[in-house]
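1. Fold the following for me, if possible:
(one chain, ligands or ions: 1)
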Amino acid sequence: MQIVPGIHRIGDEGLVNSYLVEESGEITIVDAGLAGLYRELPKELASLSRTLDDVRALVLTHGHGDHIGYAERLRTQRHIPVSVHEDDAALARGEVPNPAKGTGKTKLGPFGGFLWYSLLRGGLRTKHLAAVSTFGDGATLKVPGAPRVILTPGHTPGSAVLHFASKDALLVGDAFATYAVTTGERGPRVAPFTANASQAIESLARIEDIDVSILLPGHGDPFTGSPAEAEKLVRERR
Ligand SMILES: [Zn+2]
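-> Residues are numbered from 1 along each chain as shown. Okay, the predicted model is just below:
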C-alpha cells in the first residue's frame with residue numbers, strides 16, 4: 001500500500017513493516033520484515049510500475065529477526081546488496097544473541113495474534129545473513145533516495161534511523177514503535193524487545209530537530225506529528 005508518493009509498505013496490517021522507497025524508477029527496500037512477506041513483494045512493486053529488477057538495495061534499520069526476514073533470499077537469489085549499521089552486523093549475521101531481555105509485559109490476545117501472524121509468514125525460519133555491508137553514523141547511503149543515517153542505539157546497539165529528505169520522511173525502524181505487538185497498545189512508545197529502554201529514549205534527542213512530515217516505524221502505522229512530538233509521547237508513556 002502507498003504511504004506517501006514514492007513510499008510503499010508491505011505488511012498491510014502494520015504489524016511488521018517492510019518499506020519500498022522509489023526514486024527515479026529505482027527502489028530501495030528498508031527492512032525485510034518476515035520471510036513470508038517476500039511473496040507480497042512483486043505485487044507491491046507492480047503497484048509502483050516496478051519489478052524486482054528495479055530493486056537496487058536493501059537497508060536494514062537494525063539486525064532483529066523480524067526486520068531481516070527475506071534479506072538473505074534477496075541477497076543470494078537477486079544479488080541485491082544488504083547493509084546495516086556496523087554495530088548490528090554481528091546480530092544480523094546471527095553471531096550474537098538478541099540483546100533484548102524478555103518480552104516486557106504482554107497481553108495474551110495481541111501477543112498471540114502477533115506470534116500467529118509471524119508464524120504464518122515464516123517467522124520461525126528466518127535466515128541470518130551470511131554477509132552484510134555496513135555503514136556508520138552520519139553516512140549518506142549511495143542507494144536510491146540517498147538516506148542519511150542517524151544512529152539511535154538502545155533498541156539494539158546499532159539501531160539506525162534513515163532520513164529520506166526527498167520524501168520528507170524518517171524511517172525509524174524500532175527506535176520507537178506506534179504499535180506494541182506484545183500488548184496491542186497504539187501510539188509512539190518504546191518498542192517491545194528493546195535492549196536498553198533508557199538509552200533508546202535518550203537517542204530520540206538525535207532526531208528531534210529533523211524537519212519531516214511523516215515518521216514510519218517498523219511496527220504500527222505512520223506518525224504524522226514531528227519527531228519532537230513523538231519523543232515527548234514516548235517519554236510520557238515510559
Ligand atoms: Zn527490533
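2. all contacts plus neighbour counts: C-alpha atoms, from now on.
-> Fine.
3. who's in contact with the spatially most central residue of the chain?
-> For the chain, G173 is the residue whose C-alpha lies nearest the centre (C-alpha atoms, centre = their mean; 3.4 Å). By C-alpha atoms under 8 Å, 6 or more residues apart in numbering, the contact set of G173 is 31, 61-62, 159-161, 216-219.
4. what does the lowest-mean-pLDDT helix or strand in the chain contact?
-> The weakest-scoring helix or strand in the chain, judged by mean pLDDT, DSSP states H and E, is helix 108-120 (a mean of 90). With contacts defined as C-alpha under 8 Å, 6+ apart, helix 108-120 is touched by 15, 34, 36, 124, 181-184.
5. Buried residues, the helix or strand following that helix. List them.
-> Helices and strands here follow DSSP states H and E; after helix 108-120, the next one along the chain is strand 133-135. Residues of strand 133-135 classed as buried under the neighbour-count rule (16 or more other C-alpha atoms under 10 Å) are F135.
6. same deal with stretch 196-214?
-> In stretch 196-214, counting by 16+ other C-alpha under 10 Å, buried: 196-197, 199-201, 203-204, 207, 210, 212, 214.
7. farthest-separated two in these?
-> N196 and V212 (26.1 Å; C-alpha to C-alpha).
8. Can you show me the helices along the protein?
-> 41-47, 65-68, 71-78, 89-92, 108-120, 197-203, 227-236 (DSSP state H).
9. okay if I get those helices as CSV plus distance to Y19?
-> Below are those laid out as CSV (distance: least, C-alpha to C-alpha, whole Å):
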stretch, distance to Y19
helix 41-47, 10
helix 65-68, 11
helix 71-78, 13
helix 89-92, 18
helix 108-120, 17
helix 197-203, 22
helix 227-236, 19
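10. Tell me which of those helices lies nearest to A130.
-> Closest among these, using C-alpha to C-alpha: helix 71-78, at 7.3 Å.
11. And the average pLDDT for the closest one is what?
-> Helix 71-78 shows a mean pLDDT of 97.
12. Please enumerate residues in contact with it?
-> 32, 35, 52, 58, 80-82, 127-130.
13. Those, buried ones only, as a ChimeraX selection?
-> The ChimeraX selection below is limited to those of the contacts of helix 71-78 classed as buried (16+ other C-alpha under 10 Å):
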select :32,35,58,80,81,82,127,128,129
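14. Among the contacts of helix 71-78, which one lies nearest to P188?
-> Closest to P188, out of all of the contacts of helix 71-78 and judged by C-alpha to C-alpha, is A32, at 21.6 Å.
15. thinking again about what came up before, tell me which residues in the least confident helix or strand of the chain are buried?
-> 110-111, 113-114, 117-118.
16. any idea how far V4 lies from A32?
-> V4 sits 19 Å away from A32, going by C-alpha to C-alpha, to the nearest Å.
17. do the same with R39
-> R39 is 12 Å from A32, by C-alpha to C-alpha.
18. Spell out the residue ranges of the strands in the chain.
-> Ranges of strands in the chain, per DSSP state E, are 2-4, 7-10, 18-23, 26-30, 55-59, 82-85, 133-135, 148-151, 160-164, 169-173, 177-179, 186-189, 214-217.
19. ok so, going back, quick check on the contacts of helix 108-120: which are buried?
-> The buried subset of the contacts of helix 108-120 - by 16+ other C-alpha under 10 Å - is 15, 34, 36, 181-184.
20. show me where pLDDT drops low in the protein?
-> 103 (pLDDT under 70).
21. The same query, at a cut-off of 50, please.
-> Within the chain, no stretch has pLDDT under 50.
22. T183 is in contact with A191, correct?
-> No - contact criterion C-alpha atoms under 8 Å: A191 and T183 do not qualify, at 10.8 Å.
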